[in-house]
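Asker: have a look; sequence and predicted model below, questions after that.
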Amino acid sequence: MTIPIIEVENVYKYYKQARKSFSDKNKYVKAVNGVSFSLYEGESFGLVGESGSGKSTLGQVILQLINQTSGTVKYRGKNVSTYTKKELKAWRKQVQIVFQNPYASLNPKKTIGWIMEEPLNIHRIGNKAFRRQRVMEVLEEVGLDHTFMDRYPHELSGGQRQRVAIASAIILEPEFMVIDEGVSALDVSVQAQILNLLKRLQRKYRLTYLFISHDLNVVQYFCDRIAVMYLGEIVEIGETEELGRSLKHPYTKALFSSILSLDESEELKLLDGNLPSLLEI
Amino acid sequence: MNLKKAKSIPFYIGVGLIVFLLLVMIISIFYTPYDPNAMDSANRLAAPSMEHLFGTDNFGRDILSRIMEGSQTAFIIGISSVTIGFIFGFLFGAIAGYFGGWFDEVISRFIDAMLAFPGILLAIMLIAVFNTGMTNTIIALGIMSIPSFARITRSSFIQYKEYDFVKASIAKGAGSFRIIFQHILPNAVSPILVAVALSFSGAVLSESGLSYLGLGVQPPDPSWGRMLKEAQAYIASAPWYVILTGLAITFLVLGFNLLADGLRDKQDRKA
Amino acid sequence: MRYFLYKLSSFITTIIIVSIMIFFVFQLLPGNPAQIILGIDADPHQVAQLEKQLGLDRSPVERYMDWVAGVLQGDLGESLRYQLPVSDIVIDRIPVTASLAILSLFFTVVIGVPLGIFIARSDGKWISIFLNVLTQLGISIPSFWFGFILILIFGVTLQLFPTYGYVPWSEDFLGALRSFFLPSFAIAIGNIAIVIRYLRNTILDQSKMDYVRTARVKGLKERSILYGHILRNSLIPVLTIMGLLIADTLGGSIIIENVFSLPGLGNLLIQSITSRDFPLVQSMVLYIAIIVLLINFIVDMLYKVIDPRIRLKG
Amino acid sequence: MRTPILTVENMNVSFELVNGNYKALENITFSVYPNEVVGIVGESGCGKSLTTQAILGILPKNAIVEYEKMEYKQVSLRELRDKDWREIRGKDISMIFQEPMSALNPLITVGKQIGEVLKVHTSYSKDEIKKRTIEMMKKVGLPRAEELYKSYPHQLSGGMQQRVAIAIALIADPDLIIADEPTTALDVTIQAQILALFKKIKNEQKSSMIFISHDWGVIRNICDRVLVMYAGHIVEEGAVSEILKNPKHPYTKSLIQSIPDHRKRGMELFTIPGKVPSLQDRKIGVCPFADRCSHCFDACHIEMPMTKEIEGTHTVKCHLYTKGAGLTS
């Protein structure tokens, strides 16, 4: 737990709002507003915040699916913006992403087998027989059998699709994975299955997770460290156990007091006054 | 019969009309009841009979034979102008939608500008400059259908570019080529197919209009629109001439419109 | 206000692009207008002089600027055939085309909207399939051929309406209405079918929305739900195709004026093409395109008034 | 025993789909008492929303609803004609939905949408309606009510939109409010505020509520009694605290155990194998949970268990308590 695998330094992402008339000045939406933190090998790092807080944008900036306005993202000490095209492609084997909506994250026109094989095809790994073998192995790994190979996404349930999305992400045996609200769309019993699966895969492949979620219960269960994002900034960061005890930022206080516990002794307590929501500012 | 099957009836009517007229067109290449251009001054404006099923025109020519021959022109114009519109529209739309930036800005402006011309006016203007005739009609109608293809292609590319499965594939290292051909195109096929069918019916309709105005296909090439122009003078004395020729146009256009609607319906039901 | 400025700026940009497109398409014309006016046997010296007079000796860019500057001042150039300013000729023809377009749009709305509502409510399986095919038929019929059919039925057989020519409104209001009735209806038929189909679809879509459920649990009558909630939301998308319908109407009137021998813009356009009067054609095409753009601009403004959600999202 | 405000006995709902007729709800029986909040909990596809929509009669046309008895304040709803039904909706029974944005008409000001209920059900004058609307808006915690009266839904945040929806549901002072996942679409901090509002309503209005949620945390915080639904059946019913402390049905047990929270960190979460069967895959006449249940035995695949009373109002539908030895754990 000494060398960081990912370092985010002073990252900003501003979106330019389209100018609608000649008299307009350029306006910006500050989706990510000066964020720095590091992720260490093998940990699960939680990123919590409400909708519009910039947590998803940050996740995609780290994977360079969105280019940051300024700041650097380092992978194992190397600035990823300086990668050559070839280096970038090689790096993409090491880092993966799983999205929230299992209905949008699989190409509806392709079979599960094709989707699973795609990463191997992109990186030209093995021959046809090897790839097929590997796809079946990984499918089994996530709890699906080989009969799924010829099926299309619409024939699968939400939980099954999410397993396929995870399987196609781990088939390249990455080191780092962004889980962008990866269990939020699922029912409780299915969510538990997927969370257990992610934990098991983490142990097996020594994965590092950036776990993005709005659900504090899930994050507190799943993650070792938590960062709370609000209006594009990280307002609080710390070990999961400690974070709950000593809250400083008013938003984090409100957030933690909103957790609905099943424990008899914990009654829902509400802070006085309305906290400004993003949309009202 | 269940609702889903019943809902497909118009689609099959459309396919039926197209197949029927396609057969008529193919037959007409080898056989027509009479020589479409053979005049018979003794038999002018004859009403439909066993001899002349659709009657004869003002020169005594067999109307059925002329309608059959006219179907060749309709299909040629439809297929060629849709091909032109599709190739250029798809190319512009795909590049604009996928890469965005200034190129998209320029293309979108041009699409907007071309859509400002009320349908047939753009074709009329081009014909005015290029002159009439089969080839120029095809070019004019082809250009006319570019903006709709470009717009549909552009919007599907923009739409699918933002989909999670495309982003997931980029995250796995996929390049533009793979993204376009494996991920976006297979999903964009159905809206483009709908546009092909609509564009075909639009071309047939516009050609008949242009030819009616004398700006489209010129003799000796046969054309339903020009037949209607001739028939207009005999609307009172030989109404079948007008009615039957117009029905041929209507059925072909209807066939493709029903086809397009059915395709769109299937696509919506899947989504 | 910002919405207005934004729409205005895109309206102007589009006009500029349209005018450039038109101008340069006409630059592709083979032959020399001066030669065309004076005939093939004309004295080359005279031709050169007329060229200069017409400005043909200058660069296309300069001539484009001249043309645009003229258009901005209401000067659309001079017709070769009539030897008259284009704007004078065009102005005479406007009332006919405008009457056709307005009457045709009137038919479209007055017939299309109620039928659309009616059809959305009749949800029988077979009736809706039948109406589906019927409205497709309406869209597929060539409007000029439908004009013939109307002439055949109402003009020739029933003798209810005149089949060609027109009477000015100022002379005989009823007579004018009668003369515009059939051609307007012929133009409208396709648009009526489009409005019916479109409105039916939007009503059916809107009926599935959550706010309809809210209205229902408030205890509203089905009638009040339809007219108070669903219909307003359904008409907004219909308004978006209004610009398209108006363009269609003008396009349709180009042909229909020739069917009914009405001396409107369409009639003039075809005549000037046949007589190769290109300055007239060029200006008229621009003129019609600007009208369409202007109407679209107005529709956009209306849209803003009716839909409170429209801010700057375009 | 108090008299219930709403009683439903043996309600069945089935859907006529393209390829046949499918039972979506079976033998739904429950009551709601005055000033009581009844929760309905379960995973998606279990029939929570269907139950309430069937009661209000707002299901799509291909749904067939049958019941032995359905009474609102001792009046059978079966005999009601359309007109009388409309008088009950909105005035006596009102409803709040999950997505506040889409539940409001985008083209009508929020003030008008709230006041519309009074326009339909009362003969108040325009001014009176406006006055009451603004009062109600203040009551549900909408700031600057006079200004907001004239605003459109899209100008409000999600939390404020949901407050408008709540105002619509409350303004005619109904005796029963049905809330269908009213906080699910909201951010957690906003959810906490809305839940506090519901508590206030319960205390001040003295109305009854049916509160649907998939979230046990929400249920625990707001409900007195809870119905646990699985695949179209009510499998367990009882006081919330009792069920959380002492769940009897294997489904309820494992569902509660599979909820992640910080106390379970580092532990494997309890899971139920498989998923909720879709409408087409359901078996009729047997225990719906049998295929996923680790305690299942012969009887579970043969017949549907009877309702067994555990203690007071706590009941369960499981063969373990009628035929088996009961669960020991």
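Answerer: Ah, there it is. Numbering: from 1, shown residues only, chains lettered A, B, ... in the order given.

Asker: CA only for contacts and neighbour counts going forward, please
Answerer: OK.

Asker: how much space is there between A:His146 and B:Ala140?
Answerer: According to C-alpha to C-alpha, to the nearest Å, A:His146 and B:Ala140 sit 54 Å apart.

Asker: more neighbours, the two?
Answerer: B:Ala140 (27 against 17; other C-alpha atoms under 10 Å in any protein chain shown).

Asker: how about the more buried one: what's its closest non-neighbour residue?
Answerer: Using C-alpha to C-alpha, 6 or more residues apart in numbering or on different chains and skipping the chain neighbours, the partner closest in space to B:Ala140 is B:Ala123 (5.0 Å).

Asker: now the closest residue to chain A within the stretch 101-250 of chain D: which helix or strand?
Answerer: Residue of the stretch 101-250 of chain D nearest chain A, by C-alpha to the nearest C-alpha: D:Gly217 (4.7 Å). Assigned by DSSP states H and E, D:Gly217 falls within helix D:216-222.

Asker: which strands and helices sit next to that helix?
Answerer: Using 3 or more C-alpha pairs under 8 Å, 6 or more residues apart in numbering or on different chains; DSSP states H and E, the elements in contact with helix D:216-222 are strand D:37-41, helix D:188-205, helix D:240-245.

Asker: helix or strand right after the shortest one?
Answerer: When you say that, I think you mean strand D:37-41. Downstream of strand D:37-41 (by DSSP H and E), the next one is helix D:48-56.

Asker: state the mean pLDDT of that following helix.
Answerer: Summarised as a single mean, pLDDT over helix D:48-56 is 91.

Asker: swap in stretch B:80-92?
Answerer: Regarding stretch B:80-92, the rounded mean pLDDT is 96.

Asker: number of nearby residues for C:Arg309?
Answerer: The burial count for C:Arg309: 16, using other C-alpha under 10 Å.

Asker: my guess is B:Leu121 meets C:Thr249, correct?
Answerer: No: in terms of C-alpha atoms under 8 Å, B:Leu121 does not count as a neighbour of C:Thr249; the distance is 11.4 Å.

Asker: quick one: whichever residue of the stretch 1-150 of chain D sits closest to chain A from chain B, how far?
Answerer: Among the residues of the stretch 1-150 of chain D, D:Glu43 lies closest to chain A, at 5.9 Å counting by C-alpha to the nearest C-alpha. Using C-alpha to the nearest C-alpha, to the nearest Å, we find D:Glu43 at a distance of 24 Å from chain B.

Asker: same question, A:Thr84
Answerer: Plainly put, A:Thr84 is 13 Å away from chain B if you go by C-alpha to the nearest C-alpha.

Asker: what number of residues lie near that residue?
Answerer: Neighbour number of A:Thr84 under other C-alpha under 10 Å is 10.

Asker: got the contact list for it?
Answerer: By C-alpha atoms under 8 Å, 6 or more residues apart in numbering or on different chains, the contact set of A:Thr84 is empty.

Asker: quick one: C:Ile290 from C:Ser283, how far?
Answerer: Separation of C:Ile290 from C:Ser283 (C-alpha to C-alpha): 10 Å.

Asker: related to what we said a few turns ago, just checking, what packs against the host helix or strand of the residue nearest to B:Ala140?
Answerer: Counting by DSSP H and E, the element that carries B:Ala123 is helix B:120-130. Applying 3+ C-alpha pairs under 8 Å, 6+ apart, one finds that helix B:120-130 contacts helix B:134-161, helix C:2-27, helix C:278-306.

Asker: once you drop chain neighbours, what's closest to A:Ser184?
Answerer: A:Gln100 (6.5 Å).

Asker: so that neighbour makes contact with A:Ala185?
Answerer: Yes: in this structure, A:Gln100 is within contact of A:Ala185 by C-alpha under 8 Å, at 6.6 Å.

Asker: so for these two, which residue has more residues nearby?
Answerer: A:Gln100 (21 against 16).

Asker: now do the more buried one, the pLDDT please.
Answerer: 83.

Asker: likewise C:Leu38?
Answerer: The model's pLDDT for C:Leu38 equals 67.

Asker: try D:Ala145
Answerer: If you check D:Ala145, the pLDDT there is 90.

Asker: how about D:Cys65, secondary structure?
Answerer: Not Cys; residue D:65 is Val. Following DSSP: H, G, I helix; E, B strand; the rest coil, the label given to D:Val65 is strand.

Asker: count of residues packed around it?
Answerer: D:Val65: 16 surrounding residues under other C-alpha under 10 Å.

Asker: and what of A:Ser246?
Answerer: Residues lying near A:Ser246 (other C-alpha under 10 Å) number 10.

Asker: ok, D:Asn203 - how many residues close by?
Answerer: D:Asn203, neighbours per other C-alpha under 10 Å, totals 11.

Asker: sorry, back to before: ok, now how distant is the residue nearest to B:Ala140 from chain C?
Answerer: Using C-alpha to the nearest C-alpha, B:Ala123 is found at 11 Å from chain C.

Asker: what's the burial count for that residue?
Answerer: B:Ala123: 27 neighbours (other C-alpha under 10 Å).

Asker: and it, what's its pLDDT?
Answerer: 90.

Asker: what about the nearest residue in space to C:Ile290 that is not next to it in sequence, distance to B:Ile29?
Answerer: In this structure, C:Ile290 finds its nearest non-sequential neighbour in C:Ile15, 6.6 Å apart by C-alpha to C-alpha, 6+ apart. Using C-alpha to C-alpha, C:Ile15 is found at 46 Å from B:Ile29.

Asker: so for those two, which sits in the more crowded spot?
Answerer: C:Ile15 (20 against 12).

Asker: hang on, that one packs against C:Val292?
Answerer: No: with contact defined as C-alpha under 8 Å, C:Ile15 does not count as touching C:Val292 (10.3 Å).

Asker: what's the pLDDT at the residue of the stretch 101-250 of chain D closest to chain A?
Answerer: 89.
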